[in-house]
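Asks: Coordinates for the following, if possible.
(chains A, B, C and D)
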There are 2 protein chains.
Amino acid sequence: MNIKDAVGRANLPAKIIHYYEDVGLIRPLRDPNGYRVSRDSDVHKLGFLGRARALGFTIKDCRVLLSLYEDKARASADVKDIAQRHLDQITQKINALQAMQDTLSHLVTTCHGDTRPECPILADLAPAIPSGQNR
Amino acid sequence: MNIKDAVGRANLPAKIIHYYEDVGLIRPLRDPNGYRVSRDSDVHKLGFLGRARALGFTIKDCRVLLSLYEDKARASADVKDIAQRHLDQITQKINALQAMQDTLSHLVTTCHGDTRPECPILADLAPAIPSGQNR
DNA sequence: CTGCACCTTCCCGCCATGGGAAGATCAAGC
DNA sequence: GCTTGATCTTCCCATGGCGGGAAGGTGCAG
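Replies: The predicted structure is shown next:
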């Protein structure tokens, strides 16, 4: 099938499919006119990649996951390792974001949000460095 | 002061200071030799920016926040608006990450992680598309 | 005067795309 | 056969917020 059908079946934009081919994740055939010809197996891989990306795996991870996926002699430990590392990173990101969230939600609820200039948000952002005079 | 002292006082790497100047967030003076001369007010702004960035505000937000910070006739509502929008985005990101976290942590605990190929993680990544035959 | 620390600008790379241009190709209608 | 429009191709540029590193000027101490 041509790329438009692959787009419809894999639920990924054509740009992404181009990119995934560019970085070697898929290798669709080519018609004599140069058009990509996606086999079902290509579409299948694209679906896999779309799901993996939706779970936040990097392209690098996807490359390894895909090779493990196709390796029937794989050890599930290898897959689990990657997933665990990724999970740890996600947890770290969540923690960082929650710290921001905590601070910000507190500041936002504290700020009057009216026409007056007083603002605890800006007060929080202001550094504790003694202002001093210019040069 | 020269950039090295500004680095020490603002607790930001020189690259960042260059960048912030490049995008017009700060405008340090220049010595005749071309060296940047950071006033206390520049260092102060850098501290503000570092704190704002640490809370996840974009450079675009920082630009507005900084101008509000310096505008003594500001309305705190303007600041609150920006912070609220940012907070909403953070919350969205957290939600997205937590969805990944939920899925992944479940998958990781389910996976045996041994030498056998069976792997619920890969099974989850596999698309539900009927595999079919090649072309 | 030598050496070294410091400063400058400039350009490339990251990551995973999105936008859009320029040009080939295909399929349908006339 | 010709035109039109949809589809396809490759290519380059932009995003955000930096980091790395090269090439070259400057300041200062010994």
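Asks: From now on I want contacts and neighbour counts done on CA atoms only, so please keep to that.
Replies: OK.
Asks: for chain A, which spans come out with low pLDDT?
Replies: Residues of chain A meeting the criterion pLDDT under 70: A:129-135.
Asks: How about the residue nearest in space to the middle of it, nearest residue that isn't a chain neighbour?
Replies: Compute the mean C-alpha point of chain A, and by Cα atoms, centre = their mean the closest residue is A:Gly56, 4.4 Å away. Excluding its sequence neighbours, the residue lying closest to A:Gly56 (Cα to Cα, 6 or more residues apart in numbering or on different chains) is B:Met100, at 7.2 Å.
Asks: quick one, what contacts that neighbour?
Replies: Counting by Cα atoms under 8 Å, 6 or more residues apart in numbering or on different chains, B:Met100 makes contact with A:55-56, A:90.
Asks: Can you give the distance from the helix or strand it falls within to the centre of its chain?
Replies: B:Met100 is part of helix B:76-110, with elements assigned from DSSP states H and E. Centroid displacement of helix B:76-110 relative to its chain, using Cα atoms, centre = their mean, to the nearest Å, is 13 Å.
Asks: Could you tell me which residues of chain A lie near DNA strand C?
Replies: Within chain A, the positions near DNA strand C by Cα under 7 Å from any atom of the strand are A:13, A:15-16, A:19, A:32-34, A:53, A:57-60.
Asks: Those residues in helices, which ones?
Replies: Judged by DSSP state H, helices contain the following of the residues of chain A next to DNA strand C: A:15-16, A:19, A:53, A:59-60.
Asks: which one of the residues of chain A next to DNA strand C has the most neighbours?
Replies: The most neighbours of any of the residues of chain A next to DNA strand C, using other Cα atoms under 10 Å in any protein chain shown, belong to A:Phe57, which has 21 neighbours.
Asks: My guess is that residue contacts A:Arg85. True?
Replies: No. When contacts are counted by Cα atoms under 8 Å, A:Phe57 is not listed as touching A:Arg85 (10.1 Å).
Asks: got the domain boundaries for chain A?
Replies: Domain assignment for chain A, taken from automatic domain parsing, gives A:1-72, A:75-127.
Asks: now those domains in a markdown table, with distance to B:Leu65?
Replies: Formatted as a markdown table, these follow (distance: least, Cα to Cα, whole Å):
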| stretch | distance to B:Leu65 |
| --- | --- |
| domain A:1-72 | 31 |
| domain A:75-127 | 8 |
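Asks: Out of those, flag the one nearest B:Pro127.
Replies: For the domains of chain A, proximity to B:Pro127 was assessed by Cα to Cα; domain A:1-72 is nearest, at 5.3 Å.
Asks: Next one: A:Ala77 from A:Ala83, what distance?
Replies: 10 Å (Cα to Cα, to the nearest Å).
Asks: Which one of the two is surrounded by more residues?
Replies: A direct count of neighbours by other Cα under 10 Å for A:Ala77 and A:Ala83 places A:Ala83 higher, at 22 against 19.
Asks: Could you list which residues are in contact with that one?
Replies: Counting by Cα under 8 Å, 6+ apart, A:Ala83 makes contact with B:104, B:108.
Asks: now it: how far from A:Leu49?
Replies: Per Cα to Cα, A:Ala83 is found 14 Å from A:Leu49.
Asks: What of A:Met1?
Replies: According to Cα to Cα, A:Met1 stands 19 Å off from A:Leu49.
Asks: Equivalent analysis for A:Cys111, please.
Replies: Using Cα to Cα, A:Cys111 is found at 44 Å from A:Leu49.
Asks: Any idea which residue of chain A lies closest to DNA strand C?
Replies: In chain A, no residue comes nearer to DNA strand C than A:Thr58, which is 3.1 Å away by Cα to the nearest atom of the strand.
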